[in-house]
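>>> Sequence below, structure please.
(one chain, ligands or ions: 1)
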Amino acid sequence: MENLVEALDSFRGRRVLITGDTGFKGSWLSLWLHQHGAQVFGYALPAEEGSHFTELHLERLIQHENGDVRDLTHLSRFVEEVQPEIVFHLAAQALVIASYDDPKATFDINIGGGTNILESVRVTKSVRALVFITSDKCYLNKEIVRGYVESDELGGHDPYSASKAAAELVFASYARSFFSDRPFFGAASARAGNVIGGGDWSANRIIPDCVRALIGGKSIEVRNPHATRPWQHVLEPLSGYITLGSRLLKHGEGNMGSWNFGPPETAVHTVEDVTRTAIKEWGSGEINVSEISGKLHEANLLQLNCAKATLELGWRPRWGFERTMHETIKWYRQFQEGIDTLTTSASQLLSYEMSDND
Ligand SMILES: NC(=O)c1ccc[n+]([C@@H]2O[C@H](COP(=O)([O-])OP(=O)(O)OC[C@H]3O[C@@H](n4cnc5c(N)ncnc54)[C@H](O)[C@@H]3O)[C@@H](O)[C@H]2O)c1
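Okay, here's the model as predicted:
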């Protein structure tokens, strides 16, 4: 069983490569591991103005390289130079709607880029562990009521989901063919659900959409208000990736397969619940919520069964829905009030580490 703080401390002094460090999850993961003494290196497209990465001034805390995961020559040269002990692969075209606008780029980045990191890890002997991040959307969505388990069928309707399912297949092939017998090495893929939290400014995601509307005092437009998602705070799956990464480094168990990280199956909330709670937490007066018809196919019910992570890693979600929404909206409130982002984010990391289940 892994304890989160012990897992975090096991990264002290280690060389850690995070692809997608300029993104929402990657910026939080980079900050968290940096705060626990890891030597963090990042590889991703340049950070956007106003992003969590930029507001944290992460470029001063970690060593970041602007690069494209589709460029194998650049990526593998960087991995070779950095000589990481562990790689967290998060770089991706991460949005369903954007995948309809540019399916080819989505497949190229998510499958081709994923293959390139697997190949770079294969040829770089310093690497002792790989956590390959995909998504809960890699499961063939059958609109079933039970949570998906790791052995369930893969598949995807929209290009994003299909790209993540395909990336899982490529990962499984590399893991079986090259990583199972590699000495002192462990590899695993991680599948998490929709995350929310401070620092996400992506288009067409519910919290950034709500916050933009709340700041501007405009009405909030929601697609599919009755759709349920396994909402969780961004620090929940990240604590899973960290626990898994620490375990891989410690025990080097070869091919460790796939792992789900999601909220309890009972914690079902709709898009409308999230929107109403965001308005309440923000504390503004009347904000109108209007439903817009989503023309594109988006799956309805999606839940994960995380018994494997709980039983074998001792991982569990720490923040319930109310706390998740409270911490998320608090982050944006403090941002709007001009409080230094590093102070806000570092204090949220600390309160997460100190909290038990609530
Ligand atoms: N946010 C979620 O709700 C969620 C849910 C499930 C899975 N995921 C997965 O977690 C990972 C991180 O998601 P996120 O929410 O932080 O996404 P994000 O869009 O905020 O960040 C994506 C990161 O990938 C990088 N990237 C994109 N294209 C690239 C390219 N061609 N070359 C190099 N870097 C590139 C971006 O620069 C950025 O650093 C992704 O693999 C995503 O699919 C996210």
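>>> who touches V123 in this structure?
76, 80 (Cβ atoms under 8 Å, 6 or more residues apart in numbering). Placement of C-beta: from N, CA and C, glycine included.
>>> could you redo the last one with a cut-off of 7 Å?
Residues in contact with V123, defined by Cβ atoms under 7 Å, 6 or more residues apart in numbering, are S76.
>>> same question, L249
Contacts of L249 by Cβ under 7 Å, 6+ apart are 10, 85-86, 128-129.
>>> Go again with 10 Å.
7, 10-11, 14, 16, 85-86, 128-129, 184-186 (Cβ atoms under 10 Å, 6 or more residues apart in numbering).
>>> Also W201?
By Cβ under 10 Å, 6+ apart, the neighbours of W201 are 24, 48-52, 55, 207-208, 211-212, 332, 335.
>>> swap in D71?
D71 is in contact with 77-78, 113, 116, counting by Cβ under 10 Å, 6+ apart.
>>> what's the closest of those to N224?
Relative to N224, the closest of the contacts of D71 is G113; by Cβ to Cβ it sits at 28.7 Å.
>>> picking that back up, any chance of the contacts of L249 in TSV with secondary structure, pLDDT and distance to the ligand as columns?
As requested, the contacts of L249 are exported to TSV (DSSP: H, G, I helix; E, B strand; the rest coil; pLDDT from 0 to 100; distance: Cβ to the nearest ligand atom, whole Å):
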residue	secondary structure	pLDDT	distance to the ligand
A7	helix	96	19
S10	coil	96	22
F11	coil	98	19
R14	coil	98	21
V16	strand	98	15
E85	coil	98	21
I86	strand	98	16
R128	coil	97	22
A129	strand	98	18
F184	coil	93	26
F185	strand	96	22
G186	strand	97	20
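>>> most surrounded residue in those?
Among the contacts of L249, A129 has the most neighbours (other Cβ atoms under 10 Å), with 28 neighbours.
>>> distance of the nearest residue to it once chain neighbours are set aside from N255?
Among residues not flanking A129 along the chain, L248 sits closest, at 3.7 Å (Cβ to Cβ, 6 or more residues apart in numbering). As judged by Cβ to Cβ, to the nearest Å, L248 and N255 stand 10 Å apart.
>>> which neighbours do the two share?
185-188.
>>> farthest-separated two in these?
F185 and A188, at 11.2 Å, using Cβ to Cβ across the shared contacts of L248 and N255.
>>> Now the common contact residues for the two.
The contact lists of F185 and A188 share 129-130, 179, 248, 253, 255, where a contact means Cβ under 10 Å, 6+ apart.
>>> out of the residues you listed, which are buried?
129-130, 179, 248, 255 (16 or more other Cβ atoms under 10 Å).
>>> Which of those residues fall in helices?
L248 (DSSP state H).
>>> closest to T275 among the buried ones among the shared contacts of F185 and A188?
Taking the buried ones among the shared contacts of F185 and A188 together and measuring to T275 by Cβ to Cβ, the closest member is L130, at 37.1 Å.
>>> ok but V222 is inside a strand, no?
Yes. V222 forms part of a strand when assessed by DSSP: H, G, I helix; E, B strand; the rest coil.
>>> In contact with it, which residues?
206, 209-210, 213, 270-272, 274-275, 289-292, 294.
>>> Also A92?
19-20, 23, 25-26, 44, 69, 106, 109-110, 113-114, 133-135, 160, 163-164, 167.
>>> Considering only the residues you listed, which also neighbour the ligand?
The residues of the contacts of A92 that also fall near the ligand, by Cβ under 6 Å from any ligand atom, are 20, 23, 25-26, 44, 69, 109, 113, 133, 135.
>>> The ligand: which of these is nearest?
G23 (2.0 Å; Cβ to the nearest ligand atom).
>>> State the phi and psi torsions of the closest one.
phi -90, psi -180 (degrees, to the nearest 10).
>>> what's the burial count for the spatially closest residue to G197 that is not a sequence neighbour?
Take G197 and drop its neighbours on the chain: the residue closest to it by Cβ to Cβ, 6+ apart is V234, 3.5 Å away. Neighbours of V234 under the rule other Cβ under 10 Å: 26.
>>> go on, C306?
C306 has 29 nearby residues by other Cβ under 10 Å.
>>> Regarding the closest residue to it other than its chain neighbours, which helix or strand does it belong to?
Spatial nearest neighbour of C306, excluding adjacent residues (Cβ to Cβ, 6+ apart): N260 at 4.8 Å. Using DSSP states H and E, N260 maps to strand 253-261.
>>> Quick check: mean pLDDT of the helix or strand following that strand?
Sequence-wise, the next helix or strand downstream of strand 253-261 (DSSP H and E) is strand 269-270. Taken as a whole, strand 269-270 has a mean pLDDT of 88.
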